[in-house]
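Engineer: Okay, sequence plus prediction incoming.
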Amino acid sequence: MGNMNKDHMRYIWSYDSPIGGMTMASDGQHLTALWFDGQKYFMRGAEDPERKSLPVFSLCSDYLDVYFSGKEPSLAPPLLLQGTDFQQMIWKILLSIPYGKTVTYGEIAKEAARALGLKSMSAQAVGGAVGRNPVSIIVPCHRVLGADGSLTGYAGGTDKKRYLLELEGIL
């Protein structure tokens, strides 16, 4: 994500979730990032952003309010995800994981390999892209589990991953 244009994270806003503060970023129209404060890759690409209340942040807050109430939100804010072509493909697969369901890194690797016309792909390559997902919760990387069902590799921490999966009735 080193090629990220800083204009994609021109504005930020805060959200207080039941499991800690979150920071949203926007280019003014789209949600470009949603991090748990202090998580891995937190604020990467956001240099000197302006704190500003925007309609997209209201939409994101509404989405999170519904989500943290234990219900499936119906409408996500408009997203603009900046990353490599491979990361974009993996994040698109993440967006297809239904609320209340999980997949493994290996299952995503199989789907990505099929899409690229490859025989196989490493779960580690998928894990790298999943871990750099800039939009927590809405792009549901918390729904990805290790091959043995373990709660591996969540940039926000496995305690938060467990909470989110329990909230969705998965654990």
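Structural biologist: Happy to help now that I have it. Numbering: from 1, shown residues only.
Engineer: Identify the residues contacting I19.
Structural biologist: Contact analysis of I19 by Cβ atoms under 8 Å, 6 or more residues apart in numbering lists F36, D159, K160, Y163, L164. Backbone N, C-alpha and C define where each C-beta goes, glycine included.
Engineer: Buried ones only from those residues, please, as a PyMOL command.
Structural biologist: For anyone working in PyMOL, the buried entries among the contacts of I19, judged by 16 or more other Cβ atoms under 10 Å, can be selected with:
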select buried, resi 36+160+163+164
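Engineer: Among the contacts of I19, name the ones in strands.
Structural biologist: For these, the ones inside strands are F36, with DSSP state E as the criterion.
Engineer: Quickly name whichever of the contacts of I19 is closest to C60.
Structural biologist: Using Cβ to Cβ, F36 is the member of the contacts of I19 that sits closest to C60, with 13.8 Å.
Engineer: what sits opposite the closest one in the beta ladder?
Structural biologist: On the basis of DSSP bridges, F36 takes part in beta bridges with M22.
Engineer: could you list every residue that touches it?
Structural biologist: Contacts for F36 (Cβ under 8 Å, 6+ apart) come out as S17, I19, G20, G21, M22, F42, S136, A155, G156, G157, K160.
Engineer: from those residues, which ones fall inside strands?
Structural biologist: Residues from the contacts of F36 lying in strands, with DSSP E as the criterion: S17, G20, G21, M22.
Engineer: Weed out the non-buried ones from the residues you listed.
Structural biologist: S17, G20, M22.
Engineer: Understood, closing this out.
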